[in-house]
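Q: how does the following fold in three dimensions:
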Amino acid sequence: MPRETKAAKQQRVAQEYEILCQEIPEPKCALHFSSPLELLIATVLSAQTTDKRVNSVTPELFDTYPTAQAYAQANPEDIEQIIHPLGFYRAKTKHLIGLGAALVQQFDGVVPHTMEELVTLPGVGRKTANVVLGNAFDIPGLPVDTHVMRVSGRLHWRSGWTKPNPDPVKIEQELCALFPPSEWTNVSHRLILFGRSTCHARNPQCGSCPLAETCPSAGSMR
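A: Next up, the predicted model:
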């Protein structure tokens, strides 16, 4: 099979993304929140669990701890009791209390809106920071989670798709180069939603996939 040229790849990516836009016309963050602080907390909690499960505990959590100061002063056992269903609740409790303290001490209790500042907070990496930037502040960011890694790899939107441990920062850079900044957050949402609905880690639904005609991996996945 001849190697795909850069121009041909760009054209294919644009066509495939247009199909994703038709399939998922109004993508949005699956986590429930009403403020940057709530989204930050929910995203930290979402590690190694589902958004649905996070949404099941955050109403009580947000009502009990409405400010960064409240988290900073919280009794760990009280937070643990609320978030226990999520797993890793002790480590996550430490993150939330440390996060609240850092926000109070460094940012007057307000969630910062730059990547450089966000990643200084306990439990916050680039993925979490990009979620907050794109969804709470409408600042371009492309969160790379396991769905984004998997789907972008199978579609060959990025390099290194055969590597078992791809670099999420490199993936972020490569995907950002394919799309305008205004679309970065939606690209991530659509890849995540498509990964959940169709391009599963196991038994992807290639037979009914709307991208099967051009996907380089269609029919070869097990």
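Q: show me the contacts for the residue lying closest to Ser182 once chain neighbours are set aside.
A: Nearest residue to Ser182, sequence neighbours excluded (CB to CB, 6 or more residues apart in numbering): Pro140, at 6.6 Å. C-betas here are computed from N, CA, C, even on glycine. Pro140 sits next to Leu133, Gly134, Pro181, Ser182, Trp184, Thr185 when contact means CB atoms under 8 Å, 6 or more residues apart in numbering.
Q: and the pLDDT at the fourth one?
A: The confidence metric pLDDT takes the value 96 at Ser182.
Q: now Lys127
A: For Lys127, the pLDDT comes out at 96.
Q: would you mark the buried spots in stretch 8-19?
A: Arg12, Val13, Glu16, Tyr17 (16 or more other CB atoms under 10 Å).
Q: wait, I meant stretch 48-68
A: Under the neighbour-count criterion of 16+ other CB under 10 Å, stretch 48-68 has Thr49, Asp51, Val54, Asn55, Val57, Thr58, Leu61, Phe62, Tyr65, Ala68 buried.
Q: among those residues, which lie within strands?
A: Members of those lying in strands (criterion: DSSP state E): none.
Q: just the contacts of Pro140 now: which is nearest Glu213?
A: Nearest to Glu213 among those: Trp184, at 25.7 Å, using CB to CB.
Q: list the contacts for that closest one?
A: Taking CB under 8 Å, 6+ apart, we find Trp184 in contact with Gly134, Pro140, Gly141, Leu142, Leu175, Cys176.
Q: check this structure and tell me which residue is nearest its centre.
A: Pro143 (4.3 Å; CA atoms, centre = their mean).
Q: now that one: closest residue in space that isn't a chain neighbour?
A: Using CB to CB, 6+ apart and skipping residues adjacent in sequence, the residue nearest Pro143 is Asn130, 4.1 Å away.
Q: Asn186 now?
A: For Asn186, the spatially nearest residue (CB to CB, 6+ apart) is Pro27, at 5.3 Å.
Q: so that neighbour touches His189, yeah?
A: Yes - counting by CB atoms under 8 Å, Pro27 touches His189, with 3.5 Å between them.
Q: the more surrounded of those two?
A: His189 (23 against 18; other CB atoms under 10 Å).
Q: which residues touch that one?
A: Here His189 is in contact with Ile24, Pro27, Lys28, Cys29 (CB under 8 Å, 6+ apart).
Q: before we move on, the earlier item: so which of the buried residues of stretch 8-19 are in helices?
A: With helices defined by DSSP state H, the entries of the buried residues of stretch 8-19 inside them are Arg12, Val13, Glu16, Tyr17.
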